[in-house]
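Peer 1: predicted model and sequence follow; I will ask about them next.
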Amino acid sequence: SAAHPAAIIWRRAEPDPVFLDSQNGIPLGLAGLDPEPPPEHEIDFREGDRLFLYTDGWTESPSRDGLLLEGPALLDLFAN
């Protein structure tokens, strides 16, 4: 995921979105410094499937109440 938060996938046939299982690698701009190339994975998409990519600003910025938008709360945001 190149140091980005895990993407969220919501399959048309599923009731709820889920986090994609990914490894947190080094940032893209530093990829040439990594001694091993990052692993590659393929994901099949079907019509109606949705993929959400977002920055860590969403998950690291607290609300007015001091709460972070992460885990189930973040999935609930995308689901609604």
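Peer 2: Structure's in. What do you need?
Peer 1: quick one: list the elements packing against the lengthiest helix in the chain.
Peer 2: In the chain, taking DSSP state H as the definition, the longest helix is helix 71-79. With contacts taken as 3 or more C-beta pairs under 8 Å, 6 or more residues apart in numbering; DSSP states H and E, helix 71-79 sits against strand 8-10. Every C-beta, even on glycine, is put in place using the N, C-alpha and C of the backbone.
Peer 1: mind doing that once more with 10 Å?
Peer 2: Using 3 or more C-beta pairs under 10 Å, 6 or more residues apart in numbering; DSSP states H and E, the elements in contact with helix 71-79 are strand 8-10, strand 18-19, strand 50-52, helix 57-60.
Peer 1: any idea which of these is most buried?
Peer 2: Greatest average neighbour count among the helices and strands packed on helix 71-79 goes to strand 8-10 (a mean of 18), per mean count of other C-beta atoms under 10 Å.
Peer 1: worst mean pLDDT among the helices and strands packed on helix 71-79?
Peer 2: Comparing mean pLDDT over these, the weakest stretch is helix 57-60, at a mean of 84.
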